[in-house]
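J.: for reference, the sequence and a predicted model appear below.
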Amino acid sequence: MPIWIIVLIVIGVAALLAVFLFTGTYNSLIKLRNRYENAYSQIDVQLKRRHDLIPNLVETAKGYMEHEKETLTAVIEARNQAMSAQKSAAANPGDAASMRNMMSAESGLNGALGRLMMIAEQYPDLKANQNMLSLQEELTSTENKVAYSRQGYNDAVTSYNTAREVFPTVILAGLFGFKDAELLRVDDPEERKVPSVAF
């Protein structure tokens, strides 16, 4: 067999292996990106549920807390900001700025809810209201689901980011625009505290 045929065969096999490596790596990154986007959609569902509960909570409290309109308004405004940030993050869960904005807005909402709950402690009739107790239970359950979903999202993002940063994947990831995904972190110790919703 002539040497040029052997060289062509070696080049052909190397090219074929490169194509398989390239295709496998690219498909792996797509699967991992889809996994973290799906994990974010679980958070999105729970945040929407949480945001939907807040107007009911405010309406229930409004009847008892006539002198606390400023606090109730602050909760609604914080909810609206969180919903806006959530929509932006849902449109592109891989965008670091959108994710940080969402976490900041959710932190603001947690603070407003925490203030509402502290003030609500001063109203014994509100604390005993069945509707308020039911909403508090649903809100607590939703907060737990958000925390669980956040853990799943962060696990999926870590897998994606790790796969994207190893050699030779990092080269292909850079060529095709696979950017780092943002973990959902709570950097401020005050934000780590779960809002108290106990009555």
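T.: Nice, thanks for sending it over.

J.: now do stretch 178-193, average pLDDT.
T.: Here stretch 178-193 scores 72 as its mean pLDDT.

J.: what does stretch 133-143 give?
T.: pLDDT averaged over stretch 133-143 gives 89.

J.: and that stretch, what's buried?
T.: For stretch 133-143, the neighbour count (16 or more other CB atoms under 10 Å) marks 135, 136, 138, 139, 142, 143 as buried. Yep, even glycine has a C-beta here, placed from its N, CA and C like the rest.

J.: work out the gap between the longest helix that the chain contains and the centre of the chain.
T.: In the chain, with assignment by DSSP state H, the single longest helix is helix 3-62. Helix 3-62 has its C-alpha centroid displaced from the chain centroid by 15 Å (CA atoms, centre = their mean, to the nearest Å).

J.: kindly report the same for stretch 124-136.
T.: 29 Å.

J.: first-to-last residue distance for it?
T.: 15 Å (CA to CA, to the nearest Å).

J.: what about the nearest residue in space to residue 104 that is not next to it in sequence, neighbour count?
T.: In space, and not counting its chain neighbours, residue 104 is closest to residue 85: 7.4 Å by CB to CB, 6 or more residues apart in numbering. If you count neighbours by other CB atoms under 10 Å, residue 85 ends up with 22.

J.: hmm, residue 108 and residue 85 touching each other?
T.: No - applying CB atoms under 8 Å as the test, residue 85 and residue 108 come out as separate, 9.3 Å apart.

J.: got a list of what the residue nearest to residue 104 touches?
T.: 98, 101, 102, 104, 105, 106 (CB atoms under 8 Å, 6 or more residues apart in numbering).

J.: can you put those residues in a markdown table and add distance to residue 71, secondary structure and pLDDT?
T.: Below are the contacts of residue 85 laid out as a markdown table (distance: CB to CB, whole Å; DSSP: H, G, I helix; E, B strand; the rest coil; pLDDT from 0 to 100):
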| residue | distance to residue 71 | secondary structure | pLDDT |
| --- | --- | --- | --- |
| 98 | 28 | helix | 91 |
| 101 | 24 | helix | 93 |
| 102 | 23 | helix | 93 |
| 104 | 20 | helix | 93 |
| 105 | 18 | helix | 94 |
| 106 | 18 | helix | 93 |
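
J.: may I see those residues organised as TSV, with distance to residue 22 added?
T.: TSV is the format used below for the contacts of residue 85 (distance: CB to CB, whole Å):
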residue	distance to residue 22
98	30
101	35
102	34
104	39
105	40
106	39
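
J.: can I get the buried ones among these as something I can paste into ChimeraX?
T.: Selecting only the buried entries of these in ChimeraX, with 16+ other CB under 10 Å as the criterion:
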select :98,101,102,105,106
